[in-house]
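Enquirer: this is a predicted model, with the sequence first.
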Amino acid sequence: MTTISLKVPDHLDQLLASESRRRQVSKSALIRDCVEQTLAGKRSKSRSVSCADLVRDLIGSQPGPADASTNSQHLEEAIQKDFQRVQRRKNSRR
């Protein structure tokens with residue numbers, strides 16, 4: 001096992017000491033565990049941002065059917081309405 005030195009501010013050292021006592025492990029073991037979890041992606045997966053996270057404030061803010069995402073009929077109707085809107089626009093330009 002490789003040894004590294006790490007400088008931490010006093011408040012972080014106090015947090016490490018407190019948590020290591022709570023877990024009944026050494027500060028080194030606690031730091032290794034935290035680094036491994038972070039680098040292995042265990043924490044990053046739960047912290048990664050999804051598309052839903054980015055638009056969370058918009059979800060449900062627009063009126064429409066509750067099953068819009070699961071009922072293909074709604075998509076077909078929307079495509080037809082969009083097609084008809086484009087056709088009307090083309091015809092009005094003539």
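Expert: Ah, there it is. Residues are numbered from 1 along each chain as shown.

Enquirer: the helix-or-strand element of the chain with minimal mean pLDDT: what's the following helix or strand?
Expert: Among the helices and strands of the chain, helix 42-47 carries the lowest confidence by mean pLDDT, DSSP states H and E, at a mean of 56. Using DSSP states H and E, the helix or strand that follows helix 42-47 in sequence is helix 51-54.

Enquirer: which residues touch stretch 10-17?
Expert: 8, 27, 30, 31 (Cβ atoms under 8 Å, 6 or more residues apart in numbering). No exception for glycine: its C-beta is placed from N, CA and C like everyone else's.

Enquirer: for stretch 20-31, buried residues please.
Expert: Across stretch 20-31, burial judged by 16 or more other Cβ atoms under 10 Å covers 20, 30, 31.

Enquirer: regarding the second one, what is its secondary structure?
Expert: Following DSSP: H, G, I helix; E, B strand; the rest coil, residue 30 is assigned to helix.

Enquirer: could you list the low-pLDDT ranges of the protein?
Expert: For the chain, residues meeting the criterion pLDDT under 70 lie at 42-47.

Enquirer: now the helices for it?
Expert: Using DSSP state H, the helices of the chain run over residues 10-23, 27-40, 42-47, 51-54, 72-93.

Enquirer: contact partners of stretch 87-94?
Expert: By Cβ under 8 Å, 6+ apart, stretch 87-94 touches no other residue.

Enquirer: export it to PDB, keeping only CA atoms.
Expert: What follows is stretch 87-94, C-alpha atoms only, in PDB (Å, rounded to 0.1, in the frame of the first residue of the first chain):
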ATOM      1  CA  GLN A  87     -49.900  22.800 -44.500                       C
ATOM      2  CA  ARG A  88     -52.100  25.700 -43.500                       C
ATOM      3  CA  ARG A  89     -49.100  28.000 -43.300                       C
ATOM      4  CA  LYS A  90     -47.900  26.900 -46.800                       C
ATOM      5  CA  ASN A  91     -51.400  27.400 -48.300                       C
ATOM      6  CA  SER A  92     -51.800  30.800 -46.800                       C
ATOM      7  CA  ARG A  93     -48.500  32.000 -48.400                       C
ATOM      8  CA  ARG A  94     -49.700  31.100 -51.900                       C
END
